[in-house]
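> what follows is a protein structure lacking sequence information:
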């Protein structure tokens, strides 16, 4: 008699996912195009392109540059805005059996509140993910996510503006990510997404200009894996909130490391660009791996790091 | 659209740093239209990380004439294409496609003028297939091919085999007219009644800009095939944007080259 198939379902701060594989914000658009090449219903969840209350046109090209084992992007948060998302994009996503997490951002606390309020109560939305790696134009352009006070403030403001579970996506560009994790927790976060991209730049030697139109961009891809893993480790030490691990995942081995460090789910990002079926294959690979290990549930792996 | 791991069937050198990779894939080939592209991996490692966009060059056909595969005409321009040049028959690459909006070609029976294909460098890659389809539909086709030097000229033999008249231009004057390919194009347009001619262009941005100006001055339609740095090829990364006019003509917006292009009506683009 064979054992039952391993249970891949996970719970992230009040949200139940069919499995712990989520596709990260900005790497699958709003799901429509991506669904032509991969079966979204196989995924635990999909995080939308970062949404703002208004339409955002984005930065001038060039917007990306390839780097060793990674890429820099400076898309400039281009998105269709909350209205068009609700009217045109969310109805498409509702056709799939997967959790939909709306990533949101703003340039002021009021803009965060406005987009959170607009999305509140929308049918088919599972949770909000707060992108706090944005400059606060009312506070001299300091990123919300690098200042604990602002992190707590914007988290609390959105917490009060929305009834949806709230995930806060932490930026790695800080001295002590644990402090920011605790600030998000104090503001009412239900879970933490760890990490966003890291700042970086390259120079075009022929023109002696920055390669990206905006000088710097966000580094992602396999190159950032060890940083992301360490940030999850530090976040786990700082708080008991559920963690969604992100950064450099392109298959089973990297995902398992995040689970061992205490992530309850993972997001696959940049790998979707160069291997568009990687995320659905990861779901199968996780199930097979648990089976081979005789593990009844993926949750047995979460936070199982051996010390000393 | 399919994502396939394909064995390279053939590697053919065609010039300095220029080569053709052939792949057998009936499902991809059956969907290919002139102007489509694929995203192909360049290495079995994470460096370089991203796939590269490559235009479909020719279709490979079986004895019954059905498309059984496709080829890509590639020129070495950087690390990714240099790695591709090292590939050998039997090596495997990941191929996603076909992708994008192809050229809008008139069907058989649609009366029209001559179709003028204008290309520079490796921008020639999609045009033999364009010519093939136009000829099959009974249209008249003429090619204007530019390159930096005679040895780097691409697709001239393809056009001659198809019976398409070719005008050549080289930057160094080593073959054809001395200078850019827009020279012979302008001469041709002046030499005869060009009314009803339809223009198509692909090549370096300044060349396409010049062809656009000629199209506007002569009131001729022009389709251009663009290239831009892209990560995904399917419209989700938002890297490869170009400025296009909004439908009301009042402003502009960013359009994804991979999804709304790579072929655009030149009058939709905001030329800088």
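That came through, no problem. Here the structure is a predicted model, which is why all the values come from computation and not from measurement.
> what's near enough to touch the residue sitting nearest the centre point of chain B?
Nearest to the geometric centre of chain B sits residue B:126, at 3.2 Å (C-alpha atoms, centre = their mean). Neighbour list for residue B:126: B:34-35, B:55-57, B:103, B:202, B:225 [criterion: C-beta atoms under 8 Å, 6 or more residues apart in numbering or on different chains]. For every residue, glycine as well, the C-beta is placed using N, CA and C.
> with residue B:103 instead?
Taking C-beta under 8 Å, 6+ apart as the criterion, residue B:103 is in contact with B:33-35, B:126, B:130, B:200, B:223, B:225, B:263.
> chain A contacts on the stretch 151-272 of chain B?
With C-beta under 8 Å from any C-beta of the partner chain as the criterion, the stretch 151-272 of chain B meets chain A at residues B:228-232, B:234-242, B:253-254, B:259.
> shaky segments in the stretch 51-200 of chain A?
For the stretch 51-200 of chain A, applying pLDDT under 70 flags no range at all.
> and it, which of its residues are near chain B?
So the stretch 51-200 of chain A meets chain B at A:57-58, A:61-66, A:68-71, A:73, A:75, A:78 (C-beta under 8 Å from any C-beta).
> one more pass at 7 Å, please.
Contact residues, the stretch 51-200 of chain A versus chain B (C-beta under 7 Å from any C-beta of the partner chain): A:57-58, A:61-64, A:66, A:68-71, A:73, A:75, A:78.
> hey, where'd the strands end up in the stretch 51-200 of chain A?
Per DSSP state E, counting those that start in this stretch, the stretch 51-200 of chain A carries strands over the ranges A:64-67, A:70-73, A:99-104, A:127-131, A:135-136, A:142-143, A:166-170, A:191-194, A:198-200.
> report all helices and strands that the fifth one contacts.
It refers to strand A:135-136. Judged by 3 or more C-beta pairs under 7 Å, 6 or more residues apart in numbering or on different chains; DSSP states H and E, strand A:135-136 is in contact with strand A:142-143.
> number of residues surrounding residue 216?
No chain specified, so I'll use chain A. The tally of other residues near residue A:216 (other C-beta atoms under 10 Å in any protein chain shown) stands at 13.
> wrong one, I was asking about chain B
Using other C-beta under 10 Å, residue B:216 has 13 neighbouring residues.
> is it fair to say it lies in a helix?
Yes. Assessed with DSSP: H, G, I helix; E, B strand; the rest coil, residue B:216 lies in a helix.
> contacting residues for residue B:70?
Taking C-beta atoms under 7 Å, 6 or more residues apart in numbering or on different chains as the criterion, residue B:70 is in contact with B:23, B:25, B:28-29, B:32, B:56, B:59-60.
> in contact with residue 24, which residues?
In the absence of a named chain, chain A is used. Residue A:24 sits next to A:47, A:246, A:267-269 when contact means C-beta under 7 Å, 6+ apart.
> not quite, I wanted chain B
So residue B:24 contacts B:9, B:68-69 (C-beta under 7 Å, 6+ apart).
> by neighbour count, which of the residues you listed wins?
That'd be residue B:69 among the contacts of residue B:24, by other C-beta under 10 Å, with 20 neighbours.
> can you show me the strands along the stretch 101-250 of chain B?
Assigned by DSSP E, counting those that start in this stretch, the strands in the stretch 101-250 of chain B fall at B:115-120, B:141-147, B:166-170, B:177-178, B:198-202, B:222-225, B:241-245.
> who wins for proximity to residue A:107 among those?
Relative to residue A:107, the nearest member of those by C-beta to C-beta is strand B:241-245, separated by 21.1 Å.
> any idea of the pLDDT on the residue nearest to the centre of chain B?
pLDDT recorded at residue B:126 is 98.
> same question, residue A:3
62.
> one more: the one 4 residues further on?
Residue A:7 is assigned 97 on the pLDDT scale.
> pretty sure it sits against residue A:300.
No. Judged on C-beta atoms under 7 Å, residue A:7 makes no contact with residue A:300 at a distance of 9.6 Å.
> got any residues that touch both of the two?
Counting by C-beta under 7 Å, 6+ apart, residue A:7 and residue A:300 have no contacts in common.
> need the nearest residue in space to residue A:216, chain neighbours excluded.
Closest residue to residue A:216 apart from its sequence neighbours, by C-beta to C-beta, 6 or more residues apart in numbering or on different chains: residue A:201 at 4.5 Å.
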